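In: Pasting the sequence and the predicted model now:
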Amino acid sequence: MTPKIIKVCVGSSCHLKGSYDVLEAFKAVLKKYQVEDKVDLQASFCLGHCAHGVSVSGEEFLLHGVNAANAEELFTTEIYPKLFKE
Amino acid sequence: MTNYLDQKLFDTNVQWIKYKVLKEIITRAYQGGLDQAYYDIPRIISPGPKSELNCCIYKERAIVQERIHMAMGGDRDNPNPVQVMETACDECPAAGMLVTEACRGCMMHSCQEVCPKGAITIMGHRCHIDKNKCIECGKCAAACPYSAIIAQKRPCIKSCKVKALSIRPQDDKAVIDNAKCISCGACVVSCPFGAITDRSLVLDIIDMLRESENNTRYRVYAVVAPAIVGQCRFGRITQVVTAIKLLGFHQVVEAALGADITLYTEAREFQHKAAECENPVMTTSCCPAFVRFVETNFPEFKDAISTSPSPMITTACLIKHSDPTAKVVFIGPCAAKKFEYSLEKTGGMIDSVMSFEELQAFVDARGIDTTKCEDSQLDNASFYGRIFAKSGGIAQGVSHVAQKLGIDGVKPVVMNGIDECRQHLAMLRAKKETANFFEGMACDGGCVGGPLSITRSPKNVFDVDKYGSSAKEQDIDGSVNLYHMTLETASEKE
């Protein structure tokens, strides 16, 4: 199975709102849920939603206002079910 | 229309004319009339009937035509982006040491005393220089108490530190020897007739933007050199970012992000070298003119050049890793980047290069008033990446990173301008150099003194420092994490 992609925006706006912390948080979450080899965590330069806080996207989802504190919750409620629905 | 000369946007009148031509070309690329450019633009820029700059209006317009040619890409068969415009070249006198009327035929004749070649005689109350003996060392000119001896040299030849410029005997025009030229652009700045200039790729960039169909078919990113902060005479840097986006770019990314990573990879590379040999020697690789200088003038140190890609290339790699169909345009003050981007080793990461001068013309041609633009954030890099723009920035950064990573023995030396580069590398050749990490920059002052800057004001250095300090990241960790996450793993996977 090709790994699913999670893209964290590191464009200027998101960076200033803490995308590096979000990246770290996702790294930890992927490890915790043992899906590191199933998910390819990537950085992206601007997903085009600069006004709404740090954006995280994949083929199946698009989230705004992500931060280190809500990363795990969003992963379990919004991302994981959509990435691995079967 | 804004009179930029009055507002001191440009340093020289040569830049002002270059700007006017570029602006006309860009306007026509959008509004039509490019096919009439060679006929119309010379008449707009030099309306006549009398010529203010040349012998006649026809020559003046012919020179404008040459500028149009360069604005539209110049001689595409010539790999060198720095090219001589032959009609514009005024065939300046190059008589060498010349005794002027101010010579009083004095009793002391210091000129004769200091001449190492015995080329000076005093005849009829006047100093005479034997051209066959004179080596144009200039000692007589310095010694004369009346400043009566001048060195009549061509400004272009004087500016060229690698002796790539010469005079073609048959017509006295300046010619560039591409085998020697490092495309630093010093002659572009120094020619008082503006007869040497850089090819503009702006029409290619306009096509690239247009064919992206508003960044829907693919996205076009602008990577900006950190020296840009000193260039924002109209509006803030954050407004300039908005202006760049209004030109049709999807996003603006700091090249300083790649610079952060360069610091890391260069420090690691030094560590490997130090583990392999007792006396490691390494030079930086971010200044393409310096790299070329080492390759042509000190080939024995070719292997000492860092294999780290330049910040421009690394930043583009990051972008293309996350967005494989992206196009990347570098915007900077550098003439040499206009050949670096096409080198095989860069792997086609950069699709085109635009100068700060061209950016200004582009923004103005599109009727964008930067001062009225909203602010867009620009923050991708750390303090250290941002100070790459000034001479000494890499040495400062690499010392910091080496210390942080526990890498011992890095002894950096700052080589500011080609003269200093030559001096230190010659010392290295003679085994008299104590440093082992060589920061080389071809332009005096570093990129802030780049030839295609709007202004090369000394103030640029302060702007760069201030801008560096304003970065969210004060250290390179975030950028390095990004590197580990993307580029490093990508190469490991291969």
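Out: That came in fine, so what should we check first?
In: For the rest of this, base every contact and every neighbour count on C-alpha atoms.
Out: OK.
In: Please name the nearest non-neighbouring residue to the residue in chain A that chain B sits nearest to.
Out: Using CA to the nearest CA, the closest approach of chain A to chain B is made by residue A:12 at 4.6 Å. Among residues not flanking residue A:12 along the chain, residue B:379 sits closest, at 4.6 Å (CA to CA, 6 or more residues apart in numbering or on different chains).
In: for the residue in the stretch 251-400 of chain B positioned nearest to chain A, what are its contacts?
Out: Residue nearest to chain A within the stretch 251-400 of chain B: residue B:379 (4.6 Å; CA to the nearest CA). Residues near residue B:379 by CA atoms under 8 Å, 6 or more residues apart in numbering or on different chains: A:11-13, A:15-16, B:253-254, B:471-472.
In: before we move on, the earlier item: so what's the residue nearest to residue A:12 scoring on pLDDT?
Out: On the pLDDT scale, residue B:379 is placed at 93.
In: What of residue B:3?
Out: Per-residue pLDDT puts residue B:3 at 52.
In: Could I get the phi/psi values of residue B:353?
Out: Backbone torsions of residue B:353, given as degrees, to the nearest 10, read phi -130, psi 140.
In: Around chain B, which positions in chain A sit nearby?
Out: With CA under 8 Å from any CA of the partner chain as the criterion, chain A comes near chain B at residues A:10-13, A:15-16, A:20, A:41-46.
In: any weak-confidence spans in chain A?
Out: Chain A contains residues with pLDDT under 70 at A:86.
In: Which elements pack onto the lengthiest helix in it?
Out: Longest helix in chain A, counting residues (DSSP state H): helix A:19-32. For helix A:19-32, the packing partners by 3 or more CA pairs under 8 Å, 6 or more residues apart in numbering or on different chains; DSSP states H and E come out as strand A:4-9, strand A:39-44, helix A:71-74.
In: Assign the residue nearest the centre of chain B to helix, strand or coil.
Out: Central residue of chain B (CA atoms, centre = their mean): residue B:334, 2.9 Å from the mean position. Here residue B:334 is coil, with the state taken from DSSP: H, G, I helix; E, B strand; the rest coil.
In: and the residue of chain A closest to chain B, what is it in contact with?
Out: Residue A:12 sits next to A:46, B:253, B:377-380 when contact means CA under 8 Å, 6+ apart.
In: 6 Å - rerun?
Out: By CA atoms under 6 Å, 6 or more residues apart in numbering or on different chains, the contact set of residue A:12 is B:377-380.
In: which parts of stretch B:217-234 are buried?
Out: Within stretch B:217-234, the residues that qualify as buried by neighbour count (16 or more other CA atoms under 10 Å in any protein chain shown) are B:218-233.
In: gap between the two ends of that stretch?
Out: Using CA to CA, to the nearest Å, the end-to-end distance of stretch B:217-234 comes out at 32 Å.
In: Could you list the residues in contact with that stretch?
Out: Residues from elsewhere that reach stretch B:217-234 (CA under 6 Å, 6+ apart): B:212, B:249-255, B:325-332, B:371, B:386, B:389, B:448, B:460, B:463.
In: Would you mind listing which of the residues of chain A next to chain B are buried?
Out: Judged by 16+ other CA under 10 Å, buried ones among the residues of chain A next to chain B: A:10-13, A:15-16, A:20, A:41-46.
In: Check which helices and strands the helix or strand hosting residue B:460 sits against.
Out: Following DSSP states H and E, one finds residue B:460 within helix B:459-469. Packed against helix B:459-469 by the contact rule (3 or more CA pairs under 6 Å, 6 or more residues apart in numbering or on different chains; DSSP states H and E) you find helix B:383-386.
In: What's the first helix or strand after the helix it packs on?
Out: Assigned by DSSP H and E, the successor of helix B:383-386 is helix B:393-405.
In: CA atoms only for the following helix or strand past that next one, dumped as PDB, please.
Out: Using DSSP H and E, the helix or strand that directly follows helix B:393-405 along the chain is strand B:412-416. What follows is strand B:412-416, C-alpha atoms only, in PDB (Å, rounded to 0.1, in the frame of the first residue of the first chain):
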ATOM      1  CA  PRO B 412      36.500  30.500   9.100                       C
ATOM      2  CA  VAL B 413      37.900  33.400   7.100                       C
ATOM      3  CA  VAL B 414      35.700  36.000   5.400                       C
ATOM      4  CA  MET B 415      36.700  36.800   1.800                       C
ATOM      5  CA  ASN B 416      34.800  39.900   0.800                       C
END
